[in-house]
Structure formats: C-alpha cells, structure tokens
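Q: Sequence below, structure please.
(one chain, ligands or ions: 1)
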Amino acid sequence: MADYDVDLFVIGGGSGGVRASRVAAQHGARVMLAEEYRVGGTCVIRGCVPKKLLVYASRFRAEFEDAAGFGWTLPHATFDWPTLIANKDKEIARLEAAYTATLEKAGVAIVKRRAVLADAHTVQLADGQRVRAAYVLIATGGAPSYGDPIPGIEHAISSNEAFHLPRMPTHVVVQGGGYIAVEFAGIFAGLGAHVTLVYRGENILRGFDDDVRQHLRMDMEKHGIRVLTGCKVAAIERTGARFSAHLSSGNQLTADCVMFATGRRANVAKMGLEEAGVAIAKNGGLAVDEYSRTSVGNIYGIGDVTNRVNLTPVAIREGAAFADTVFGGKATAVDHTNVPTAVFSDPEVGAVGLTETQARSRLARTDVYKAMFKPLKATLSGRDTTVLLKLVVDGVTDRVVGCHVVGEGAAEMVQVAAIAVRTGASKADFDATMALHPTTAEELVTMRQKSATYAREAAE
Ligand SMILES: Cc1cc2nc3c(=O)[nH]c(=O)nc-3n(C[C@H](O)[C@H](O)[C@H](O)COP(=O)(O)OP(=O)(O)OC[C@H]3O[C@@H](n4cnc5c(N)ncnc54)[C@H](O)[C@@H]3O)c2cc1C
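A: Predicted structure coming up:
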C-alpha cells in the first residue's frame with residue numbers, strides 16, 4: 001500500500017464511518033476521514049441523541065399530571081423551548097468534540113470537507129486536493145426525502161430543521177407514518193402543541209406487528225394526537241405567519257409548523273460513484289455483499305448509504321466488521337436478523353424478531369401469546385393507557401421468534417429480550433425464568449394462555 005497516500009479513506013464521519021476509521025487505525029492502517037458537516041453524523045447531531053433528549057423533555061408533562069394521584073401538588077409547570085434547544089445543542093457539541101478526540105487519539109486524520117470519488121483509488125476534496133487511497137469506505141448516510149413534489153413544499157420542514165426551530169409551534173401537522181413521524185408527533189404533543197399526523201397508508205408504523213400498530217395508534221389518539229390515515233398533504237399555502245395544509249381528502253389544516261417525515265434516501269448522488277463503476281442497488285443504496293464490498297473491489301459501503309437496516313448500532317457493527325475484514329485479517333459479516341428496534345413514541349414501542357404476520361407466512365405453525373393491561377402506575381395516576389406485550393412462538397420448535405412491547409420501558413425491555421430471541425430461547429425457557437415482581441416485563445415470563453395458533457396449511 002506504499003504507493004498510496006493513505007491505506008483507507010473514509011467518506012462520512014457518522015456512526016459507521018467513525019467506528020470503521022478507529023478500528024482500522026487500531027489495526028495499523030493509515031486512515032483519513034472526510035466529513036462535510038459535523039463529526040458524529042446523523043445519530044449524534046440530528047438523529048437518535050437529540051431526538052431522545054426531546055423525547056425526555058416531552059414526557060415530563062405526563063409525569064407532572066400523573067403526580068397528582070400520588071399525592072403531589074405541583075405549581076403550574078411552564079416550558080421554555082429555547083432553554084431545551086440550547087441545552088441540547090451544548091450536549092451535542094460536547095459529543096462532537098468527544099468523537100473528534102477519539103478519532104485523533106487513534107491517529108485518524110480528519111478533513112472537514114466534502115469528498116467525492118475521482119476514480120476507484122482517488123478521492124477529490126472540496127478544496128481541490130486529491131488523495132490516493134488503497135481502500136475507500138463510503139459511509140455517507142442518508143438525508144430526508146420529501147416524496148413527490150407538491151405546491152408549497154418549501155414551507156415544510158424535515159427532522160433536520162425540527163431540532164432548530166426558533167420557537168415552539170402551537171399547531172403542528174406531521175406527514176408520515178414511520179418512526180420519525182410518530183416520534184415527533186409525540187414530542188410536539190408532549191410539549192403542548194396540537195398535533196395532527198397525516199399518513200397516506202392505512203395505518204402507522206408499516207412493517208411493525210399489526211397489534212403494535214393498532215395499539216399505538218389507539219393510545220396516541222387517547223393522548224390527544226389526531227391521526228388521519230388514507231390521505232396526504234397535497235399542497236401547503238402560507239397564510240400570514242401560519243400555513244394551510246390542504247389534504248388530498250379535501251380537508252384543510254392550519255398550522256404554524258408542517259413537518260414531513262416521509263422517508264430518507266441514501267446519499268449516493270454526485271459522489272462520482274457511476275464514474276468509478278460503483279453499482280447502486282434497487283433500494284437506492286449502494287449495492288454491497290455480506291462484507292459490505294461494492295461492485296468495485298477496493299470500495300466498501302456501510303451504514304444508511306447501503307439502505308439495509310438503517311439504525312445506528314447496525315452502522316457501527318458494519319463499520320467494525322469492515323475494518324476487521326480488510327485490515328484485521330478476519331473476514332466478518334454482520335448478521336442483520338433479529339435486530340431490536342424501538343420507537344420512542346408516546347407510548348413507547350420495542351420490537352425484535354418476527355411479527356405475527358411474518359411468522360405465519362414462514363413457519364409451519366405459529367403460536368401467539370398476548371397480554372394487554374393497565375400498568376400499576378396508571379391505577380393511581382388515572383392515566384388512560386394500557387400496555388401490550390406479545391410473544392410470537394414457533395409452534396413446532398417452541399422457539400420464541402418475536403417479542404413486541406408497547407408501553408413505558410418497552411425499548412429497555414426489548415433490548416434484553418433480544419438476547420433471548422437471538423440465542424434461540426424457547427417459550428419453555430421464558431416460562432422457567434422467575435418473574436421479577438412487580439414489573440410490566442414479568443408478563444413476558446408469565447403468559448401461559450395462547451391467544452392464537454395458526455397452522456400454515458390451515459391458513460392457506
Ligand atoms: C430523526 C432521526 C432519528 C433517529 N433515531 C434513531 C434511533 O433512535 N435509533 C437508531 O438506531 N437510529 C436512529 N436513527 C438512524 C441513525 O441516525 C442512522 O441509522 C445512523 O446515523 C447511520 O449512520 P451512518 O454512519 O450510516 O450515516 P450518518 O450518521 O448519516 O453519517 C453520514 C455522514 O456523512 C457525511 N457526508 C455525507 N456525504 C459526504 C461527503 N460527500 N463528504 C463528506 N461527508 C459526507 C454527513 O454529513 C454525515 O455526517 C435516526 C435518524 C433520524 C434522522
């Protein structure tokens with residue numbers, strides 16, 4: 001690799017790029033990383049981390065309300081959006097500095113510029129500098145997509161801008177049915193806005209278990225979020241300081257913030273990929289093999305730009321696996337099955353493994369166990385909410401193949417349940433595990449009554 005300026009050039013300093021750079025450098029590679037915006041990428045700067053901070057902020061409203069049933073009398077609580085945003089920005093800046101320091105300590109050279117491919121071994125920086133690299137890793141992530149163009153789309157914001165609104169909106173229209181849309185609907189509603197979620201499909205959270213989708217929608221509506229499905233925003237018009245969102249159903253909504261969370265596209269455009277011969281997959285991301293290698297032998301792609309499973313821990317795992325494969329002498333493929341996922345909505349969702357529908361289409365026999373009940377805390381708080389816990393079991397092997405939870409602590413529960421699902425625990429193992437009382441999670445090991453059994457032959 002002596003003929004090259006560096007052994008590895010990483011384009012993109014997000015979750016995947018940062019981890020790949022650090023591990024490759026630890027394996028002895030000479031690494032350079034280019035980042036055009038801020039080190040840390042989507043997750044740290046305008047994704048998971050700032051979102052979760054806003055979610056925490058939004059949940060205090062319910063906590064204050066619930067306190068009354070437990071004997072507390074609180075003065076009228078007020079909320080200040082600029083304080084939240086300033087504190088959030090301070091924490092994000094701290095994290096960005098920490099990520100930068102970690103890279104520098106590992107010996108990674110950071111260039112704060114846009115980088116594109118000039119050819120398979122040459123990276124062109126925005127200032128004209130060219131760097132020759134033995135290997136190139138594309139870790140450029142994704143960006144919000146607004147879908148088909150509509151009149152007035154320039155008035156809509158995406159999640160990127162939602163983190164920097166100058167003031168807290170009072171009436172919000174969120175278009176989209178995915179996790180980002182649902183989460184921001186919960187954030188704005190929790191912070192006091194009137195929120196309408198508009199989604200063109202028949203129900204929110206496509207891809208999640210149908211009971212989860214139904215349950216979450218019901219609880220969101222109970223908590224005051226209006227959910228309109230089967231329609232979409234067809235035009236946005238400015239009316240003074242506010243906006244009118246014209247819906248395809250003919251209705252009109254007035255709002256001071258219209259947010260589109262209508263999906264994300266992989267950052268593959270104007271990257272010199274075509275010129276270098278790097279193939280794009282049907283899903284719009286980089287086409288890669290199980291080792292994240294593209295159609296060009298020395299160019300790899302990881303994270304959201306490959307549009308496989310677009311989550312931070314997956315990008316991180318793919319980054320480390322790439323570095324171990326290419327520079328650590330250990331070919332490592334990432335297992336994309338049984339990836340746990342959460343929606344930090346109100347209430348929260350956690351899920352791992354197969355949905356009931358997936359299990360029924362793939363397994364000879366599927367058993368389903370479900371529990372739905374009012375959580376203990378809600379007995380005194382009086383909050384109108386229920387939790388849902390659901391296990392999907394392979395009826396032939398008794399293996400638990402899916403775990404789905406809606407309710408407080410769902411994400412934390414499912415992170416732990418994911419170990420059991422991944423390691424092949426059976427329903428009998430769940431049953432043999434002692435309950436931890438009084439918790440919501442104990443229901444996962446005490447559900448004895450099947451709520452349904454489906455034999456594939458019978459269903460067909
Ligand atoms: C609102 C929101 C909430 C989310 N919440 C969660 C969550 O709760 N949990 C979870 O697991 N995931 C969440 N995600 C997804 C998660 O953020 C991504 O899966 C993850 O950041 C992907 O990492 P990455 O390294 O592939 O890309 P990114 O983190 O997007 O990093 C790519 C980097 O490349 C840079 N870049 C792009 N092009 C160039 C170029 N040509 N030259 C130089 N630099 C370039 C970009 O500026 C960016 O910093 C969320 C995403 C969003 C948008």
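Q: For the protein, what lies in contact range of the ligand?
A: Within the chain, the residues that sit near the ligand (C-beta under 6 Å from any ligand atom) are 11-17, 34-37, 41-43, 47-48, 51, 114-116, 139-142, 159, 180, 267, 271, 303-305, 310-313, 315. All C-beta atoms are positioned from the backbone trio N, CA, C, and that covers glycine.
Q: Now a ChimeraX select for only the buried ones of those residues.
A: Here is the ChimeraX command that selects only those of these that count as buried (16 or more other C-beta atoms under 10 Å):
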select :11,12,13,14,15,16,17,34,35,36,41,42,43,47,48,51,114,115,116,139,140,141,142,159,180,267,271,303,304,305,310,311,312,315
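Q: Filter the residues of the chain next to the ligand down to the ones in helices?
A: Among the residues of the chain next to the ligand, the members falling in helices (DSSP state H) are 15-17, 41-43, 48, 51, 159, 180, 312-313, 315.
Q: Which one of those is nearest to Arg362?
A: Nearest to Arg362 among those, counting by C-beta to C-beta, is Pro313 at 24.5 Å.
Q: distance of the closest one from Gly201?
A: Pro313 is 27 Å from Gly201, where distance means C-beta to C-beta, to the nearest Å.
Q: Ser58: which element?
A: Assigned by DSSP states H and E, Ser58 belongs to helix 48-67.
Q: Can you point out the buried residues in that helix?
A: In helix 48-67, counting by 16+ other C-beta under 10 Å, buried: 48-51, 53-55, 57-59, 61-62, 66.
Q: for stretch 439-447, same thing?
A: Buried, per 16+ other C-beta under 10 Å, within stretch 439-447: 440-441, 443-445, 447.
Q: and the residue of the stretch 251-400 of the chain found nearest the ligand, what does it touch?
A: Using C-beta to the nearest ligand atom, the single residue of the stretch 251-400 of the chain nearest to the ligand is Gly303, 2.0 Å away. Neighbouring residues of Gly303 by C-beta atoms under 8 Å, 6 or more residues apart in numbering: 12, 14-17, 139, 141, 310, 314-315, 318-319.
Q: May I see these arranged in JSON lines, with pLDDT and distance to Ala287 as well?
A: Output for the contacts of Gly303, formatted as JSON lines (pLDDT from 0 to 100; distance: C-beta to C-beta, whole Å):
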{"residue": "Gly12", "pLDDT": "98", "distance to Ala287": "17"}
{"residue": "Gly14", "pLDDT": "98", "distance to Ala287": "20"}
{"residue": "Ser15", "pLDDT": "98", "distance to Ala287": "21"}
{"residue": "Gly16", "pLDDT": "98", "distance to Ala287": "17"}
{"residue": "Gly17", "pLDDT": "98", "distance to Ala287": "19"}
{"residue": "Ala139", "pLDDT": "98", "distance to Ala287": "15"}
{"residue": "Gly141", "pLDDT": "98", "distance to Ala287": "17"}
{"residue": "Asn310", "pLDDT": "98", "distance to Ala287": "16"}
{"residue": "Val314", "pLDDT": "98", "distance to Ala287": "17"}
{"residue": "Ala315", "pLDDT": "98", "distance to Ala287": "17"}
{"residue": "Glu318", "pLDDT": "98", "distance to Ala287": "14"}
{"residue": "Gly319", "pLDDT": "98", "distance to Ala287": "18"}
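Q: For the spatially most central residue of the chain, give me its contacts.
A: Per C-alpha atoms, centre = their mean, the C-alpha nearest to the average position across the chain is that of Leu311, at 5.3 Å. Leu311 is in contact with 339, 341, counting by C-beta under 8 Å, 6+ apart.
Q: Could I get the phi/psi values of it?
A: Main-chain torsions, Leu311, degrees, to the nearest 10: phi -140, psi 150.
Q: ok, it to Ile225 distance?
A: 24 Å.
Q: and if you look at Pro375?
A: Distance from Pro375 to Ile225, by C-beta to C-beta: 20 Å.
Q: The two: which is more packed in?
A: Ile225 (24 against 18; other C-beta atoms under 10 Å).
Q: Show the pLDDT at that one.
A: Ile225 carries a pLDDT value of 98.
Q: I'm done for today, thanks for sticking with me.
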